[in-house]
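**Q** Sequence plus the predicted model coming up.
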Amino acid sequence: MTEKIVVFGGSGFIGTHLLRRLAADHSGRLVSVDLREPKSVIAGVDYVVADVRDLSRLEIEGTISTIYNLAAVHTTPGHPDHEYYDTNIGGATAITAFARERGVRDIVFTSSISVYGPGEDPKLEGTPPAPESSYGWSKWLSEAIFRAWLDEQDDRRLVVCRPAVIFGAGEGGNFTRLAKLMRAGLFVYPGRRDTVKACFYVEDLVDALLYAHGLNERYVLFNGCYPDRYTLEQIVEAFTLHFPRVRTVTVPRAIVNAAAAALKPISALNLGIHPDRVTKLVRSTDIRPGWLAERNRAREGQLAPALCKWAEQSGGLWV
């Protein structure tokens, strides 16, 4: 019987792209485990609805070769602090227990650059983590759970990726909100334009995950981002190729904060004007893909082509 690949969080943004790629390249069965039903069903994938925090009733027949753990509570702001710990750490604990029970030797885990904390200084894979948010802490502690699983047996393998802001079709996050603001015709810089924002196109992330796993090394840790050190202004300028009529203006941060606070009651409309998101816009995430660069897998100048791919895939709707 052909071995199976199980993707926890397979109905999510990254999970959908990963499963689509695996379905095209993998001859065996694929299993998606997620609390939500998939928005689109991919041929060759068995979809199982389950809570990653409790897998005691999860039944998957046959031999499992690899587990991908993409399941997480990640939107910040958006959740009470305890939910990040409950799901992210609880999920890591349950998945490693499931892997032990089923004799799975390969796990690929998507952590987050949030483990480094924000700051103007560059951060490579060897930079000591210094998380500030509950999300960052939950991901850092989850990494430790997976490393403990790895250390239990010499024949186990672990890939840990720390993705930056990931964008593309189905994202619904930071870049989608930016596109909405650009379409509306005005983008306001909250006090500065030179904030460094590490980012990565979702298909490039999938490429990196599959490459890292395919090396068959016992432990791989890498940052998932472009090497270009894109500033917020450069990202906005890349978008202007698709929204040439947009106007940009720099407003003192205090004014933007006051406006965001006043509009906080309607922040659920996903307009990108929550006060905490304003704070994130002025704090750099200068992350470097050191591991990918050492292997000549960190290509420069990929932001504009990636946005063009997204625009084409979504028919210009940026969804």
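**A** Perfect, thanks for sending it.
**Q** Which stretches in the chain count as strands?
**A** With strands called from DSSP state E, the chain shows them at 4-8, 30-34, 45-49, 64-69, 106-110, 119-123, 157-163, 165-167, 186-190, 199-201, 219-224, 247-251, 285-287.
**Q** Partner strands of the third one and their direction?
**A** Here strand 45-49 has these sheet partners by DSSP bridges: strand 30-34 (parallel).
**Q** for the longest one, same thing?
**A** Partner strands for strand 157-163, per DSSP bridges, with pairing direction: strand 106-110 (parallel), strand 219-224 (parallel).
**Q** got the contact list for that strand?
**A** Contacts to strand 157-163, defined as C-beta atoms under 8 Å, 6 or more residues apart in numbering, come from residues 14, 105-113, 115-116, 125, 143, 146-147, 149-150, 200, 205, 208-209, 212-213, 216-225, 287. To be clear about C-beta, it is placed using only N, CA and C from the backbone, and glycine gets the same treatment.
**Q** Would you write a ChimeraX line that selects the buried entries of these?
**A** Buried residues among the contacts of strand 157-163 (16 or more other C-beta atoms under 10 Å), as a ChimeraX selection:
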select :14,105,106,107,108,109,110,111,112,113,115,116,125,143,146,149,150,200,205,208,209,212,213,220,221,222,223,224,225,287
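**Q** Just the helices from the stretch 51-200 of the chain, written as ranges.
**A** Here the stretch 51-200 of the chain has its helices, by DSSP state H, counting those that start in this stretch, at 81-84, 90-102, 134-152, 174-184.
**Q** Need these in a markdown table (columns: mean pLDDT and distance to Arg245).
**A** A markdown table is the format used below for these (pLDDT from 0 to 100; distance: least, C-beta to C-beta, whole Å):
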| stretch | mean pLDDT | distance to Arg245 |
| --- | --- | --- |
| helix 81-84 | 86 | 39 |
| helix 90-102 | 98 | 44 |
| helix 134-152 | 97 | 36 |
| helix 174-184 | 93 | 9 |
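**Q** I'd like to know which of those lies nearest to Ile5.
**A** Closest approach to Ile5 among the helices of the stretch 51-200 of the chain (C-beta to C-beta): helix 90-102, 12.6 Å.
**Q** what is the orientation angle of that closest one with strand 30-34?
**A** Relative orientation of helix 90-102 and strand 30-34, computed by axes from the mean of the first three to the mean of the last three C-alpha atoms, to 10 degrees: 140 degrees.
**Q** what comes up buried for stretch 150-164?
**A** In terms of neighbour count (16+ other C-beta under 10 Å), stretch 150-164 has its buried residues at 150, 156-164.
**Q** Just the terminal-to-terminal distance for that stretch.
**A** With C-alpha to C-alpha, to the nearest Å as the measure, the first residue of stretch 150-164 is 24 Å from its last.
**Q** And stretch 27-35, by the same measure?
**A** Start-to-end, stretch 27-35 (C-alpha to C-alpha) is 26 Å.
**Q** One more: stretch 153-170?
**A** Using C-alpha to C-alpha, the end-to-end distance of stretch 153-170 comes to 37 Å.
**Q** how much space is there between Leu162 and Leu30?
**A** If you look again at residue 162, you'll see it is Arg, not Leu. 24 Å (C-beta to C-beta, to the nearest Å).
**Q** quick one on the thing from earlier: turn the buried residues of stretch 150-164 into TSV, including distance to Pro252.
**A** Listed next are those as TSV, based on distance: C-beta to C-beta, whole Å:
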residue	distance to Pro252
Leu150	48
Arg156	52
Arg157	50
Leu158	46
Val159	44
Val160	40
Cys161	37
Arg162	33
Pro163	32
Ala164	27
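**Q** All set now, cheers.
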